[in-house]
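Enquirer: Quick check, what structure comes out for this input:
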Amino acid sequence: MYPSVKISKIKRAIEYFTTSLSAHDKETISICVDLIEFGMLNTLITFQGNYMEYNGGEDDKEKVLAIGGYKSAFLSDLVASYLFEIANQNRLFDGAKVTGIYQDDGINVTKEPWSVERITT
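Expert: Numbers count the residues shown, from 1 in each chain. Now for the predicted structure:
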C-alpha cells in the first residue's frame, strides 16, 4: 500500500472524513497535513550507516509514503479506508460480508467464491 499513497490521496481522504468538522478543526488539520507533506518531501533514510534522502517520486506532488515514515501506517490505513468507502458507495463490494483495513492490510470476506475476472476488474 505504501508505494501508492501520495500526498494528494492523503488530502482527499482527510477531506472526505472531515466534512462534518468545524472550520477551526479543518484549519488545524490543514496545518498538520502541511507538516506531514514537509516530512514526506524531506525524509532521510539510513542504510549500513549511510544517510540518503528518500526520493519516492521525481516530482514533489508524486512523492509517496516511506515505510517507517512519521505516521505512515496510520496514513496508509486512512487512504485505504477512504478507498473502501468510495468502493462501497459504488457497490463494488456487493455480496461481501466484511470489507476492511487493519495495519495497512486489506480484507474482503465474501459470501460466495469470486471469479478471477471479478477480482481483477
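Enquirer: show me what contacts residue 27?
Expert: If you count contacts by Cβ atoms under 8 Å, 6 or more residues apart in numbering, residue 27 has none. Yep, even glycine has a C-beta here, placed from its N, CA and C like the rest.
Enquirer: Can you tell me the element it falls in?
Expert: Assigned by DSSP states H and E, residue 27 belongs to helix 23-41.
Enquirer: Please identify the buried residues of that helix?
Expert: By neighbour count with 16 or more other Cβ atoms under 10 Å, helix 23-41 contains the buried residues 29, 33, 36-37, 40-41.
Enquirer: Just put these in TSV and tack on pLDDT.
Expert: Output for the buried residues of helix 23-41, formatted as TSV (pLDDT from 0 to 100):
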residue	pLDDT
29	94
33	89
36	85
37	85
40	78
41	78
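Enquirer: Include distance to residue 22 when you put those into a markdown table, please.
Expert: Rendered in a markdown table, the data for the buried residues of helix 23-41 read as follows (distance: Cβ to Cβ, whole Å):
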| residue | distance to residue 22 |
| --- | --- |
| 29 | 11 |
| 33 | 16 |
| 36 | 21 |
| 37 | 22 |
| 40 | 26 |
| 41 | 29 |
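Enquirer: for stretch 64-83, how far is the first residue from the last?
Expert: End-to-end distance for stretch 64-83: 16 Å, by Cα to Cα, to the nearest Å.
Enquirer: Run the chain-centre distance for that stretch.
Expert: Remark: stretch 64-83 is offset 4 Å from the chain centroid, using Cα atoms, centre = their mean, to the nearest Å.
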